[in-house]
Structure formats: structure tokens, C-alpha cells
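Q: got a sequence here, can you build the structure:
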Amino acid sequence: MTLLHPWALLLVPLAAAPFIFKSHQGQMYSWLDIAPKDRLSDIANRVVKTIIALLLLSIVLALASPQGASKKEQKVGKGAQTVFVIDRSVSMDHPFAGQSTSGRAAEIKSAAARRLITDFIDSRPDDMMGVVGFTNSALYGMKITTNRDAIHAAINAATGAALNQTNIGAGITEAVSLFDNIQSSGSRAVILLSDGAGKLSPRVRYKISEYFVGKKLSLYWIVLREPDDISIFTKNTYSEDSVPDSIALDRYFKSLNIKYKAFEADNPTALQSALQYIDAKEKNMIQYSVNIPGHDYSNNLIVIALILSLLILAIKNLKVHA
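A: Residues are numbered from 1 along each chain as shown. Below is the predicted model:
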């Protein structure tokens, strides 16, 4: 058993107060020998003091918040170990390319990503998920976990605007490092959402290749297109020194000996379709452990204190007045 607030034990001596301090209630006699012996009242007085001491002790222990030992429980489900790598550049607060000329207020990319990723997470209760954001550098969001509240909070943070830079390499390398301290179980995938690309140094290319192949990770890249962006699926040809960054990055991902698929989304519906495709592909048997917190005894102690208080109140009303 552990105590969340052990400092509260410093108040334990207060439980001795009923036995130390004397009550001034009752009758005053100038000579005690004329007062009759009342053994029943003496016993009742000791009982009341004991009850008050137990009441104070219960309150003090409740403040200390005693917790039972936690345990790990193995669970088996159908899902995957996934890490979302989310672009946090300023351009993520722009509307989708397909909505820029619609003549009405359009949903911005970051808001649509937050909404649809949240639906994706809620539809996969057995998944273990992590979150990484990136702008000019990687922004750690959440380790791979089954805690849905923590995952949702990390997604909300990762879909906020940041700097006007897109360092995809830092985001991806940070994402794959989250798999270091977790046992492989079922599918393992990295889901990259960005509205741009950047150049990867030879060192970063080697590191990404080594991680993805060594850890047997799948990679999905969802490109949230800007209005004037060149499609990564274009049939145009480019010279070696004039290949757009997004096309060069797509070619690099294809050159890796891993499971890889790219999507382009110029509206929320296309983004939703991409997530639905990933949802269908990344569902295998998965085994994971869940930490079951120990029993919180604070509530029990509060109930005991309440019962003792009611008992004191009842005894108070049984007092015989002269």
C-alpha cells in the first residue's frame, strides 16, 4: 500500500486530543464525595472519546490517500501499435485546396485533422497509440499508450499552429523512436499527416531506413494539399535537380523495403477516406498490458468518518440533562 500524501500522517497525533483535553460540560460540585458514582457515565465518556479519536484518525488517513497495489492485466484485441506524426506548421491553419474557391467558410486542415483523427481513435479501442508533432523540430506529444484521455490531449496539442517550417525528418525519427521500449504486438505503423515536405539529409535518410526496416514498421503518408501544390501522383517528368520536395520524398519512401502507401487529401472527405483505408488495413491480433490502479481507500475512510459522526450525534441526543 502506498500513500499519495504521506505528509498528512503528521496530523495523526490529533487523534489523541479527546484523551488530553477535558470537557467543561456537566455539573459543578464543591465536594466530589457528595456526587454519586456513575460507572455507566464513565464508560460512556471513554466510548465517546474513543469514537472521536477514531473519527479524527479516519479523516487524517483519508487525507493521506492510501492506495492499494496496482497490477498489470494482459488483454488481447484487434488493432495495431500506431504513431501519428502531425505537421504543426502555420499552413495547417489554411483551408483545404479543394475548398479555397467554394465561396463559403471552409474547415481548416488542422481542425479537420483533429476531428477525423479523434473519430479514428475512438473507433479503435484496442489500439496502442502515440503522437508526435513537428515544425522546425520534433515536438514530443505522447508515448505509445492505451490511455485514451492522454492520446486525445496529445492530438489536440499536435493540431495547433506553430512555426512556418516543416521538418518531416525530425518528426519521423522521433516517431520511430517511440517503438524502442515497447514489445512488438500485431501491426505497427506510422501515420504521417503533412501539407508539405522537406529535404532529408543523407544521415536522416539512413536513420529512417534503418529504423523502419529493423522495426518492421508500415508507413502511411497523407498529404493535405495546398491550392497550388504539385500532386505527388503527377505524370510529369523532372530533371534530377528540379524534382519537387514532395515527389522526392514520396520516391524515397517507395525505395524503402517497407509497407508504404501515400494519399492526397484536398478536402475533409478525402482525409476521412484515407483514414478509413488505414483502419481496414491495420487490424491484426494485438496483445498488450493495462495498468489496473490499486483500490483507493480514501472513500472508505470518509464513509467510516461519516458513520462515526452520526454515531456521535446520536449519543449527543441521549444525554440526560439535570
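Q: how about the helices of the chain, start to end?
A: Remark: helices of the chain, listed N- to C-terminal, are 17-20, 39-64, 109-122, 148-158, 168-177, 202-215, 245-255, 268-281, 298-317; assignment by DSSP state H.
Q: angle of the second one against helix 298-317?
A: To tie it back to what came earlier, the one meant is helix 39-64. Between helix 39-64 and helix 298-317, the angle formed by their directions is 150 degrees, by axes from the mean of the first three to the mean of the last three C-alpha atoms, to 10 degrees.
Q: list the helices and strands helix 39-64 packs on?
A: Using 3 or more C-beta pairs under 8 Å, 6 or more residues apart in numbering; DSSP states H and E, the elements in contact with helix 39-64 are helix 17-20, helix 298-317. All C-beta atoms are positioned from the backbone trio N, CA, C, and that covers glycine.
Q: between these, which gets the lowest average pLDDT?
A: For the helices and strands packed on helix 39-64, the weakest mean pLDDT is recorded on helix 17-20, namely a mean of 86.
Q: with just CA atoms, put it into CSV.
A: Output in CSV follows, covering the C-alpha atoms of helix 17-20 (Å, rounded to 0.1, in the frame of the first residue of the first chain):
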residue,chain,number,x,y,z
ALA,A,17,-6.9,15.2,21.6
PRO,A,18,-10.1,13.7,23.1
PHE,A,19,-8.0,12.0,25.8
ILE,A,20,-5.8,15.0,26.5
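Q: returning to what we had before: can I get the helices of the chain in TSV including distance to residue 84?
A: Supplementary listing: the helices of the chain in TSV, determined by distance: least, C-beta to C-beta, whole Å:
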stretch	distance to residue 84
helix 17-20	56
helix 39-64	39
helix 109-122	6
helix 148-158	7
helix 168-177	8
helix 202-215	16
helix 245-255	17
helix 268-281	10
helix 298-317	36
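Q: circling back to that earlier point, right, and the helices and strands packed on helix 39-64 - which one's nearest residue 255?
A: helix 298-317 (57.5 Å; C-beta to C-beta).
Q: return the set of buried residues in the closest one.
A: By neighbour count with 16 or more other C-beta atoms under 10 Å, helix 298-317 contains the buried residues 298, 301, 304, 305, 308.
Q: what about the closest residue to residue 121 other than its chain neighbours, neighbour count?
A: When the adjacent residues along the chain are set aside, residue 121 lies closest to residue 151, with 5.9 Å between them (C-beta to C-beta, 6 or more residues apart in numbering). Applying the criterion other C-beta atoms under 10 Å, we find 24 residues in the vicinity of residue 151.
Q: wait, isn't residue 151 in contact with residue 129?
A: Yes. The criterion here is C-beta atoms under 8 Å, and residue 151 meets it with residue 129 at 5.1 Å.
Q: rewinding a little: how about the residue nearest to residue 121, what does it touch?
A: For residue 151, the contacting residues are 121, 129, 131, 142, 145, by C-beta atoms under 8 Å, 6 or more residues apart in numbering.
Q: which intervals of the stretch 1-150 of the chain have sub-threshold pLDDT?
A: Using pLDDT under 70 as the threshold, the predicted model of the stretch 1-150 of the chain has low-confidence ranges 23-32, 34-35, 74-75, 77, 96-106.
Q: ok, 50 please
A: Screening the stretch 1-150 of the chain residue by residue with the criterion pLDDT under 50, one finds the ranges 102-103.
Q: check contacts around the closest residue to residue 44 other than its chain neighbours.
A: Nearest-residue entry for residue 44: residue 315, 7.4 Å, with adjacent residues in sequence omitted and distances by C-beta to C-beta, 6+ apart. By C-beta under 8 Å, 6+ apart, residue 315 lies in contact with 44, 47, 48, 51.
Q: do residue 232 as well
A: For residue 232, the contacting residues are 223, 246, 247, 250, 262, 264, by C-beta under 8 Å, 6+ apart.
Q: hmm, which two among these are most spread apart?
A: 247 and 264 (11.8 Å).
Q: tell me which of the helices of the chain is the most buried.
A: helix 168-177 (a mean of 23; mean count of other C-beta atoms under 10 Å).
Q: tell me how far that one is from the chain's mean position?
A: Taking the mean of its C-alpha atoms, helix 168-177 sits 20 Å from the chain's own mean (C-alpha atoms, centre = their mean, to the nearest Å).
Q: now do stretch 189-196
A: For stretch 189-196 - counting by C-alpha atoms, centre = their mean - the centre lies 21 Å from the chain centre.
Q: good, we can wrap up now.
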